[in-house]
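S.K.: structure of the sequence below:
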Amino acid sequence: MTTPDYALHSLGWNAFQHLCGTILREVWGQTFQVFADGNDAGRDGAFYGQWKSKAKKTLSGNTTIQCKFTNRAGKSIVPSELNEELEKARHLAELGLADNYLLITNCNITGISESEIRRKFEEIHGINKCLCYGREWICSVIAENKRLRMLVPRLYGLGDLTQISG
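M.R.: This is a model prediction of the structure:
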């Protein structure tokens, strides 16, 4: 089965952040704090404590969630584009706010880029675990989760409507 290619680039950055929050709550089963729009200092959201997801991922400590959005369809993210985020993450780790760093983007992420991104963030003193998820993962999660599609009606225009009833 081919995963639908939802036009995530057409959402806009704010709707994309809301989508990421909904995915984390509905699919991973985790409550977390979302911050107001504006200067986020490298944090679009956060979770404090023991994160035990439905997906069997466990993170301990303070988790920073950063959403990276692009309005360019088909764009791939490369590690060098995250230098500013690395500096912000370094500061957050110094403050004890980023034991874990979760990057979610609507860009494509290759296996090579994912491992390099994780390595760079995990080299920062204080960050124990970095997880990176891109467009492919998001589209797959949307396709597999009927409740998610119902909760985020803007997604209906992003793919084949026959995917909604599945």
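S.K.: C-alpha from now on. contacts and neighbour counts both.
M.R.: OK.
S.K.: for the longest strand belonging to the chain, the distance to its chain's centre please.
M.R.: Scanning the chain for the strand with the most residues, using DSSP state E, yields strand 58-68. Averaging C-alpha positions (CA atoms, centre = their mean, to the nearest Å) puts strand 58-68 10 Å from its chain's average.
S.K.: give me the residues contacting the helix or strand following that strand.
M.R.: Next along the chain after strand 58-68, taking DSSP states H and E as the criterion, comes helix 83-94. Residues outside helix 83-94 that contact it (CA atoms under 8 Å, 6 or more residues apart in numbering): Ala41, Gly42, Ala98, Asp99, Tyr101, Lys120, Phe121, Ile124, His125, Gly126, Ile127.
S.K.: Leu131 against Leu102, yeah?
M.R.: Yes - counting by CA atoms under 8 Å, Leu102 is a contact partner of Leu131 at 4.9 Å.
S.K.: any of the contacts of helix 83-94 buried? List them.
M.R.: With burial judged by 16 or more other CA atoms under 10 Å, the buried subset of these is Gly42, Ala98, Asp99, Tyr101, Phe121, Ile124, Gly126, Ile127.
S.K.: tell me the one among these nearest to Glu136.
M.R.: Tyr101 (19.3 Å; CA to CA).
S.K.: give the contact list for that closest one.
M.R.: Neighbours of Tyr101 in contact, by CA under 8 Å, 6+ apart: Thr63, Thr64, Ile65, Gln66, Ala89, Phe121, Ile127, Lys129, Cys130, Leu131.
S.K.: how much space separates the spatially closest residue to Lys120 that is not a sequence neighbour from Tyr6?
M.R.: In space, and not counting its chain neighbours, Lys120 is closest to Leu86: 7.7 Å by CA to CA, 6 or more residues apart in numbering. Using CA to CA, to the nearest Å, one gets 28 Å for the distance from Leu86 to Tyr6.
S.K.: so how far is the helix or strand containing Phe16 from its chain's centroid?
M.R.: In the assignment (DSSP H and E), Phe16 maps to helix 13-26. In terms of CA atoms, centre = their mean, the centre of helix 13-26 is found 8 Å from the chain centre.
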